[in-house]
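Engineer: Quick one, structure for this:
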Amino acid sequence: MQAKKRYLTLLSAATCLALLLYLGGVQLRAARAPPPAGRHGAAPRPGSEQRPWPRFPDALRSFGEPEGAGGGGGAGRVSPRQRRDGSAGLYRGRRCRMESCFDFGLCQKNGFKVYVYPQQKGEKIAESYQNVLAAIEGSRFYTSDPSQACLFVLSLDTLDRDQLSPQYVHNLRSKVQSLHLWNNGRNHLIFNLYSGTWPDYTEDVGFDIGQAMLAKASISTENFRPNFDVSIPLFSKDHPRTGGEKGFLRFNTIPPLRKYMLVFKGKRYLTGIGSDTRNALYHVHNGEDVVLLTTCKHGKDWQKHKDSRCDKDNTEYEKYDYREMLHNATFCLVPRGRRLGSFRFLEALQAACVPVMLSNGWELPFSEVIDWKQAAVIGDERLLLQIPSTIRSIHQDKILALRQQTQFLWEAYFSSVEKIVLTTLEIIQDRIFKHISRNSLIWNKHPGGLFVLPQYSSYLGDFPYYYANLGLKPLPTFTAVIHAVTPLVSQSQPVLKLLVAVAKSQYCAKIIVLWNCDKPLPAKHRWPATSVPVIVIEGESKVMSSRFLPYDNIGTDAVLSLDEDTVLSTTEVDFAFTVWQSFPERIVGYPARSHFWDNTKERWGYTSKWTNDYSMVLTGAAIYHKYYHYLYTHYLPASLKNMVDQLANCEDILMNFLVSAVTKLPPIKVTQKKQYKETMMGQVVFSSSDSSGYLGDFT
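Structural biologist: Residues are numbered from 1 along each chain as shown. The predicted structure is shown next:
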């Protein structure tokens, strides 16, 4: 009886096995069968059967996927789509693009204007977010009238959406929904640095953003909405609001190699997100030119998860100074942390240490406009062991070019909160006005997108920075602009002699006299006859900044800016112009000044005393490109121009600061046959040639 049961069991098992083999064979043959004939009935050629790509298991876990070791335990595996759809706060509008979720009509009438909601009583705002709002309110885009706005920014602090952070703002969902201009987030921009919390660190900001755009740090390519969101860098609370330090590359050292080839110093996560990459760094560390240091000492309970390598790693970690490594390394590893981005990204850029990105799926900051291949090495976490050999194979010329580009990008877009915010706004503005948007060359070449305003021109040849790249030269003529503030009472006044001397220049195309005097315009017969046109313009506001307005009458590339009491010969005018033709991006002129720090008064001052150096060339007798009139008028903050107008002085200091900030170059002083004569004529208030003074709050 038992033998019969065993026989039936074996027979059943054999039958099932045969059935499975048969069904599997049918499916296998179906998979191998050639595809059906195409639309026109043409059969595929022999040997051209379409085979599916092999499917390899992904060695990397998705960034937001719950981790068994540190994720609270027991969390099941879910697909990326399920995670996205389940995150109501961030991805309800994940299909948004400018064309579908942005109202372009708001921008057509008044241009690109940004409105910041008034701060609500009792709401706390962290200093970092205050800096963001201050950068917007101090920019040329800001408007206090919501009816004039094209873009809206919340005054509610959205930077830190980590629920464990003391900066976390509670009940943000209801607060945002109560805003009468919210309109489901349409035409709104939300700034965010941190989102999600331990152990998942999801990218959910904790409230429904609707159709709002995100300017977000550490955002993944999976969740980034192209042509809608803006990826921004992760910056610390100590990041300067304005200005910022310059990059550390002081000299173009050849060869460009430093003491260390590759460095990293940071936390090693024993469990949870970010642990895989950093735990593997010790395989690459050699303690010589590749120094990759990690420590387990972080968090209150790190010793509970301590592994066999912690003590050794911690000891090695303490031997090295981070800043010394940073300043003496050619490449800096930037691996993912708990989030995709880290502070080391900006630290490496500033230090001229070429970033080696090791954070798969991170949408790099401002990737829409910045070509990061010119400044960084983009690595793959799965190929960590190949990184040393890869960077050793990079030629020294390429390394120097990479380091130079890190410095340009740092100073152009990342050195302050203000530059990060302005870059974000400029990117959005380019999307709205595509017909005048900046191209990749402008964004990735000095002086960068912030200083090349497409409203001025869409042709690169109209800017002084690109003549050499385009093989062009500026027009061989100039327009003189003479600033007049004194009544014309005598035919022997210096302004008339100056006008005649300038008109005789072979390069002079036109003379504009800006009449900023309180007395009425003189009759035409009072002006001397000249071979070039003389146009007298009466200043409407009669303020100092009016001398730098972008007048339509200026048809040449060069502007010769003159005070009415300047004494120059025709030969000296010609000489200055020929020098300027070789340096069209700089200020070239005669009267020089030097600024200095006055320890007794603890403020900046400037002097006309003869010294071995100078830092400014006054615009009382100087030549520069007419584009700087446009920048002065439309780019500079109104507060600076108002200060100049109230002082009725120092406009030449402000213009020098502007040009040097753009070009990163000093002005050029030329010398005369005779000493430059400054006849003040008692008009100290209006003169830009005041022999000494103080810079006050300009710096």
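
Engineer: any idea where the helices of the stretch 251-400 of the chain begin and end?
Structural biologist: With DSSP state H, counting those that start in this stretch, the ranges of helices along the stretch 251-400 of the chain come out as 275-279, 310-318, 322-327, 344-350, 387-392, 396-409.

Engineer: I'd like the average pLDDT over the third one.
Structural biologist: What helix 322-327 shows for mean pLDDT is 93.

Engineer: and stretch 429-438, which residues are buried?
Structural biologist: Buried residues in stretch 429-438, counted by 16 or more other C-beta atoms under 10 Å: Q429, D430, R431, I432, S437, R438. The way it works is simple: take the backbone N, C-alpha and C, and place the C-beta from them, glycine included.

Engineer: Could you list the low-pLDDT ranges of the stretch 51-200 of the chain?
Structural biologist: Counting by pLDDT under 70, the stretch 51-200 of the chain contains low-confidence residues at 51-92.

Engineer: again, only this time at 80
Structural biologist: Applying pLDDT under 80 to the stretch 51-200 of the chain flags residues 51-93, 198-200.

Engineer: and if you look at the stretch 251-400 of the chain?
Structural biologist: Ranges of the stretch 251-400 of the chain meeting pLDDT under 80: 251-257, 270-275, 298-305.

Engineer: if you set the cut-off to 90 instead, what comes out?
Structural biologist: Within the stretch 251-400 of the chain, the stretches with pLDDT under 90 are 251-258, 268-280, 287, 296-309, 337-338.

Engineer: Could I get the full set of strands for it?
Structural biologist: Ranges of strands within the stretch 251-400 of the chain are 260-267, 290-295, 329-335, 354-358, 377-378, based on DSSP state E, counting those that start in this stretch.

Engineer: Nearest to L499 among the buried residues of stretch 429-438?
Structural biologist: Of all those, R438 has the smallest distance to L499: 39.7 Å, by C-beta to C-beta.

Engineer: so who does that closest one touch?
Structural biologist: V369, E426, D430, G449, V452, P454 (C-beta atoms under 8 Å, 6 or more residues apart in numbering).

Engineer: Among those, the buried ones, what's the ChimeraX command?
Structural biologist: Filtering those down to the buried ones (16+ other C-beta under 10 Å) takes a single ChimeraX command:
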select :369,426,430,449,452,454
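
Engineer: From K113, how far off is E245?
Structural biologist: 31 Å (C-beta to C-beta, to the nearest Å).

Engineer: So between those two, which is more surrounded?
Structural biologist: The neighbour count for E245 versus K113, taken as other C-beta atoms under 10 Å, is higher for K113 (20 against 11).

Engineer: Test my guess that the more buried one contacts P146.
Structural biologist: No - counting by C-beta atoms under 8 Å, K113 stays clear of P146, with 9.6 Å between them.

Engineer: Identify the residue with the minimum pLDDT among the contacts of R438.
Structural biologist: The pLDDT minimum for the contacts of R438 sits at P454, where the score is 94.

Engineer: any idea how far it lies from T143?
Structural biologist: In terms of C-beta to C-beta, P454 sits 20 Å off from T143.

Engineer: Got the domain ranges for the protein?
Structural biologist: 86-231, 260-411, 421-463, 478-668 (the TED database).

Engineer: Distance from the first one to the middle of the chain?
Structural biologist: Spelled out, that is domain 86-231. 19 Å (C-alpha atoms, centre = their mean, to the nearest Å).

Engineer: Also the shortest one?
Structural biologist: A distance of 12 Å separates the centroid of the chain from that of domain 421-463, by C-alpha atoms, centre = their mean.

Engineer: go on, stretch 537-549?
Structural biologist: With C-alpha atoms, centre = their mean, you get 33 Å for stretch 537-549.

Engineer: Give me the contacts around it.
Structural biologist: 481, 483, 512-518, 521, 551, 553, 561, 619, 628-629, 632-633, 641, 644-645, 647-651, 655, 686, 688.

Engineer: List the ones among those residues that fall in helices.
Structural biologist: Of the positions in the contacts of stretch 537-549, Y628, H629, Y632, T633, K641, V644, D645, L647, E651, M655 sit in helices, assigned by DSSP state H.
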